[in-house]
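In: okay, predicted coordinates and the sequence, questions at the end:
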Amino acid sequence: MRYCGYLVTVILFIIKGSVCQQEFLSSPSAVVVSPGSNTTLSCLVENMGGECRWQKDGKPVGIYPGKYTLAKPDTEGDCSLTIFSVDLKLDDGEWECQVTSTSFQSQDALASSPAKLTVQVPPSTITLKTASQGTVEDQMMLRVAEDQLETITCMTSHSNPAPTISWQMGDQVLPSTKQTTTGERTEAILTHSFARSSSGQELQCVVSHAAYPSGERVVTAILDVLYKPTVSIARVDTPVLEDGVGSVTLTCNSQANPPARASWHKMGDKEGKKYPEELQMNPVRREQAGVYICQAENSVGRSEPEQTEVVVLYAPMMVVTQPKDKVEVMAHNRTVLTCQAEGNPAPKYQWIQTLSASTERTRSYTANLVVEDVGYGDQGEYRCVAINRIGGERREVESEPVKIEVTGAPQVVKQVGEVVGIHGSDVRLEAEFCSDPVPSESTWEWGGVVLPMGSEVDGRYKAELVPHPHMEDCYISRLTVRRVGLEDSKEYRLNVENKHGNDMVPVILKIKAPVPLLSVIATGSLLLFLLLLLLSTFLLLRKKQKLCWQGEDSKDKMGEKE
């Protein structure tokens, strides 16, 4: 009987197991909890015949009172696990609820899907970093260069789960590269080019995390946009910028961040000398004239140059002539005198020939004096005058004299074509000529007579040669004819000759007969008679007018008595 009862029990148990296997009514689901709090992972089993087991991250977890306990150990089919004082390192992970088989034969063991238990921890640190500046603390200045791509990293650490990071500048949301999480560190990189107008604005790294009371935390950097300088020129001049008189002040102003160092340099200066940002020239000198370039430089770069020209006015100076002091020219040839002077404004020129101590002649109004057919009249001293005007005033300077010396055949420069003489008087015939070298032969000729200079003939004709009082290498040739008669009316020729050639000039002498003495006496007597007649008439008229005046006075007196 005992054996039969035992057999019946086994059979009933087998039938029961085959009909009602254990299965989950509910399995654990993902849960997010704060550190230090308690949480329960739900796990309910229907027809439970095995034992409850729990596993985290693939490893079994024992039941430890005060830490891990079954929520309702006395309730059949309830495998729910309560975790006390949740800890990130101990409890964060994938949890599974498991139930052992009802028997070794039933093979109905249960294992739930992993349920993520997240211990919610906000980032312990938020850090901004740049390659150039390193770590940037909250509310610190962040230096960036204008119009250059800057890479800024916002990093968080020790958070669970990873936060969401975004960038914002003012009201503008800036795009960042893909957010990455490595271990306990999460970072988002911003690559952006900042304008000068962004300086002073707030660049914010916004970290969003459910563990923050407000849902997010912001780290702010104050943008300090660095940019290379731009320059402008301020200039103050006197009305007339004359050498040694005027003045000019040049100021090179710069706008930059960080502040720049501005300076001047002169274009073409081989020494590369630099001047301070305020350059004063008082008084200004002509050697300071030129183009001055203003530039500024800071740690970001160098400005584009700005320039201004200083034009210094000065009177003409350093007059140079070619030839320098003297030139010898053959008569009838061509010669050129050139002149050059420094001055600002550029000078104008005059060539002046000195004819005598009190006489001058302007020969040219250009820098070059061209004499095409040189004659003895072109001989003498020449001066080049360089002229300009500064502030309405004439300024001028003269060169040293340049002498033109003419050589060649004799040349008559002045002659009297016809001379009239009175019968019986002395007559002088003259002609002026120039000759270099001095004439080797000089004669007066008429009617077959040849009279050399310094000679006389018949006691009536005398030839003389005297130097010209004003003209160099020139002479006056005279032929004096005493007690001329009608037979002396004829042509006289002056011949002059030297080794280069000769010249000849004719002079015609005409003789007039003298007035007879009787005619002179008669004419004189007639003139004297007429003079006496005019004088008598004048006295008579004056006397008559005086008598008329006396008569009128007598009548006036008689009228007064009446």
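Out: Thanks, I have the structure now.
In: and Glu287, helix, strand or coil?
Out: Recorded secondary structure, Glu287: helix (DSSP: H, G, I helix; E, B strand; the rest coil).
In: can you report how many residues neighbour it?
Out: Using other Cβ atoms under 10 Å, Glu287 has 8 neighbouring residues. C-betas here are computed from N, CA, C, even on glycine.
In: for it, report the pLDDT, please.
Out: pLDDT, Glu287: 94.
In: what's it in contact with, if anything?
Out: By Cβ atoms under 8 Å, 6 or more residues apart in numbering, the contact set of Glu287 is empty.
In: how far away is it from Lys270?
Out: In this view, Glu287 and Lys270 are 14 Å apart by Cβ to Cβ, to the nearest Å.
In: what sits against the closest residue in space to Thr181 that isn't next to it in sequence?
Out: In space, and not counting its chain neighbours, Thr181 is closest to Ala162: 4.3 Å by Cβ to Cβ, 6 or more residues apart in numbering. Listed by Cβ under 8 Å, 6+ apart, the contact partners of Ala162 are Thr156, Gln179, Thr181, Thr186.
In: go on, Tyr68?
Out: Trp54, Val61, Gly62, Leu81, Thr82, Ile83, Phe84.
In: next SSE after the helix or strand of the chain with the lowest mean pLDDT?
Out: The helix or strand of the chain with the poorest confidence is helix 2-19; it has a mean of 41 (mean pLDDT, DSSP states H and E). Downstream of helix 2-19, the first helix or strand assigned by DSSP states H and E is strand 23-26.
In: can you list the strands that that next one pairs with?
Out: Strand 23-26 pairs in its sheet with strand 44-46 (antiparallel), by DSSP bridges.
In: show me which positions of the strand it pairs with end up buried.
Out: Within strand 44-46, the residues scored as buried using 16 or more other Cβ atoms under 10 Å are Leu44, Val45.
In: kindly report the same for stretch 396-416.
Out: Neighbour counts over stretch 396-416 (16+ other Cβ under 10 Å) mark 396-397, 399, 402, 404, 406-413 as buried.
In: is Phe538 located within a helix, as I assumed?
Out: Yes - with three-state DSSP as the criterion, Phe538 is part of a helix.
In: residues near it, how many?
Out: 10.
In: what's the pLDDT at it?
Out: 81.
In: ok, Leu535 next?
Out: For Leu535, pLDDT reads 84.
In: ok so Gly524 is a strand residue?
Out: No - under three-state DSSP, Gly524 sits outside any strand and is assigned helix.
In: what's the distance between it and Ser37?
Out: Gly524 sits at a distance of 166 Å from Ser37 (criterion: Cβ to Cβ).
In: how about Val466?
Out: 143 Å.
In: hey, where'd the helices end up in this structure?
Out: In the chain, the segments counted as helices under DSSP state H are 2-19, 88-91, 517-561.
In: who does the shortest one touch, helix- and strand-wise?
Out: If I follow you right, that is helix 88-91. Packing partners of helix 88-91 (3 or more Cβ pairs under 8 Å, 6 or more residues apart in numbering; DSSP states H and E): strand 115-119.
In: so which elements touch the strand it packs on?
Out: Strand 115-119 packs on strand 31-33, strand 39-41, helix 88-91, strand 93-99, going by 3+ Cβ pairs under 8 Å, 6+ apart.
In: wait, which of these is closest to Tyr292?
Out: Of all the helices and strands packed on strand 115-119, helix 88-91 sits nearest to Tyr292, with 70.0 Å by Cβ to Cβ.
In: let me know the average pLDDT across the closest one.
Out: Here the average pLDDT along helix 88-91 is 90.
In: also stretch 335-345?
Out: Computed over stretch 335-345, the mean pLDDT rounds to 96.
In: so which residues make contact with it?
Out: So stretch 335-345 is contacted by 286, 289, 311-323, 327, 329, 347, 349, 351, 367-371, 374, 382, 384, 386, 388-390, 395, 397, 399, 402, 404 (Cβ under 8 Å, 6+ apart).
In: buried ones in it?
Out: Buried-residue list, stretch 335-345, by 16+ other Cβ under 10 Å: Thr335, Leu337, Thr338, Cys339, Gln340, Ala341, Glu342, Gly343, Asn344.
In: so where's the protein uncertain?
Out: Counting by pLDDT under 70, the chain contains low-confidence ranges at 1-19, 515-520, 544-562.
In: winner for burial among the helices and strands packed on strand 115-119?
Out: strand 93-99 (a mean of 21; mean count of other Cβ atoms under 10 Å).
In: by contact count, what packs against that strand?
Out: So strand 93-99, by 3+ Cβ pairs under 8 Å, 6+ apart, packs with strand 52-56, strand 110-111, strand 115-119.
In: out of these, which is closest to Gln255?
Out: Taking the helices and strands packed on strand 93-99 one by one with Cβ to Cβ, strand 115-119 is closest: 54.0 Å.
In: neighbouring strands of the longest strand along the chain in the sheet, and parallel or not?
Out: In the chain, taking DSSP state E as the definition, the longest strand is strand 216-237. Looking at strand 216-237 with DSSP bridges, its partner strands are strand 140-145 (parallel), strand 202-208 (antiparallel), strand 248-257 (antiparallel).
In: what's the second one in contact with?
Out: What that stands for is strand 202-208. So strand 202-208 is contacted by 123, 126, 128, 142, 152, 154, 156, 163-170, 188, 215-223 (Cβ under 8 Å, 6+ apart).
In: of those residues, buried ones?
Out: Here, 16+ other Cβ under 10 Å leaves 123, 126, 128, 142, 152, 154, 156, 163, 165-167, 169, 188, 216-217, 219-221, 223 buried among the contacts of strand 202-208.
In: of all the strands paired with strand 216-237, which lies closest to Ser27?
Out: Closest among the strands paired with strand 216-237, using Cβ to Cβ: strand 202-208, at 30.8 Å.
In: I am finished for the moment; much appreciated.
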